[in-house]
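Asks: Build me a model from this:
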Amino acid sequence: WAALFLVICLSCLMVLSTWRQMHRRLPPGPTPLPILGNFLQLDPNNMLRSLEKVSLHSPPCSPPPVKS
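Replies: Just a heads-up that it's a prediction; the model follows:
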């Protein structure tokens, strides 16, 4: 049982480490909810203003620099 417990713990640590590295590289922005994304942050009555507010919290989209 000890070996199984050790394998499960190591697997969880690897998944957590990988997840943290992937999310660390993202630009700042609103935190999305699972499945819904940022849909709940938008006002259907004033969509343009809602999108403008969201854009103020995130950097402009630009491609990553090409390393040669």
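
Asks: Okay, now the unreliable bits of the chain?
Replies: For the chain, applying pLDDT under 70 flags the ranges 21-37, 57-64, 68.

Asks: quick one: contacts for Leu4?
Replies: Neighbouring residues of Leu4 by Cβ atoms under 8 Å, 6 or more residues apart in numbering: there are none. Where you see a C-beta, it was placed from the backbone N, CA and C, and this is true even at glycine.

Asks: any idea how far it lies from Thr18?
Replies: Separation of Leu4 from Thr18 (Cβ to Cβ, to the nearest Å): 21 Å.

Asks: Give me the neighbour count for Leu51.
Replies: 13 (other Cβ atoms under 10 Å).

Asks: just Glu52 next, same as before
Replies: Neighbours of Glu52 using other Cβ under 10 Å come to 10.

Asks: contact partners of the helix or strand harbouring it?
Replies: Under the criterion of DSSP states H and E, Glu52 resides in helix 47-56. Residues from elsewhere that reach helix 47-56 (Cβ under 8 Å, 6+ apart): Pro30, Asn38, Gln41, Leu42, Asp43.
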